[in-house]
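Colleague: this one's structure only:
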């Protein structure tokens, strides 16, 4: 499944920037990216939610359900592992991009549920897997009356997320790559009883 995420997100500006040390070796870059997703998966399982579509894709969420100290511990563990995995330039990009993107998150979203990663293997796209991966957490967020947000570098994904209720959109530019990205937020949908 982490290989599927690597395949799905290999052209994403963020993942290109953090694997820059391995750009000359596509096989090694894929392996590094897959391991990046192993670490992200471990963190999301500990402090959020994970939904899998077999070996074809996954949705990784970070939620405020876990205590702040628990979230900080798992974030630090992941950061330490990434410092060894990514290489000096890639890890520098990871830190710089993370800091600048975090600074763009509006204050009212700091306690929101965060869709950290969503990816579906290209061969499995177009079958509704991405929506099925997101639906359980969105339903739970609605029950909890929680706001959700995400960031995407893919302008083609904007209509998909809008259909799921991510209608608040903030356009940003990531300084390492100079690429635009969008922060999208979704308020809880109240059920009609």
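Modeller: That came through, no problem. Since this is a predicted model, take the numbers as computed values, not measurements.
Colleague: Identify all contacting residues around the longest helix seen in the chain.
Modeller: For the chain, the longest helix by residue count, based on DSSP state H, is helix 26-47. With Cβ atoms under 8 Å, 6 or more residues apart in numbering as the contact definition, helix 26-47 has outside contacts at 1-3, 5-7, 9-10, 15, 18-19, 22-23, 50, 58, 60-63, 65-66, 70-71, 74-75, 77-78, 81-82, 85-86, 116-117. Every residue, glycine included, has its C-beta placed from N, CA and C.
Colleague: Please narrow these to those residing in strands.
Modeller: Applying DSSP state E to the contacts of helix 26-47, the entries found in strands are 50, 58, 60-62, 116-117.
Colleague: For this structure, give me the ranges with low pLDDT.
Modeller: The chain contains residues with pLDDT under 70 at 191-193.
Colleague: Mind jotting down where the helices sit in the protein?
Modeller: Under DSSP H, the chain gives helices at 2-9, 13-18, 26-47, 68-85, 88-104, 129-144, 158-163.
Colleague: Can you list the buried residues in stretch 152-169?
Modeller: Using 16 or more other Cβ atoms under 10 Å as the burial criterion, the residues of stretch 152-169 that qualify are 152-153, 157, 161, 164-166.
Colleague: One more: stretch 112-129?
Modeller: In stretch 112-129, counting by 16+ other Cβ under 10 Å, buried: 112-121, 124, 129.
Colleague: same question, stretch 61-72
Modeller: Neighbour counts over stretch 61-72 (16+ other Cβ under 10 Å) mark 61-64, 71 as buried.
Colleague: so which of these would you say is closest to residue 179?
Modeller: Of all the buried residues of stretch 61-72, residue 179 sits closest to residue 62, with 22.7 Å by Cβ to Cβ.
Colleague: Any idea what that closest one is bridged to?
Modeller: Partner residues in beta bridges with residue 62, using DSSP bridges, are residue 48, residue 114.
Colleague: these two touch, right, it and residue 70?
Modeller: No. Counting by Cβ atoms under 8 Å, residue 70 is not a contact partner of residue 62; they are 11.4 Å apart.
Colleague: sorry, back to before: quick one: closest of the helices of the chain to residue 178.
Modeller: Among those, if distance is taken as Cβ to Cβ, the winner is helix 13-18, at 8.9 Å.
Colleague: just checking, what packs against the closest one?
Modeller: helix 26-47, helix 88-104, strand 168-174, strand 179-186 (3 or more Cβ pairs under 8 Å, 6 or more residues apart in numbering; DSSP states H and E).
Colleague: please redo it, this time with the cut-off set to 6 Å
Modeller: helix 88-104 (3 or more Cβ pairs under 6 Å, 6 or more residues apart in numbering; DSSP states H and E).
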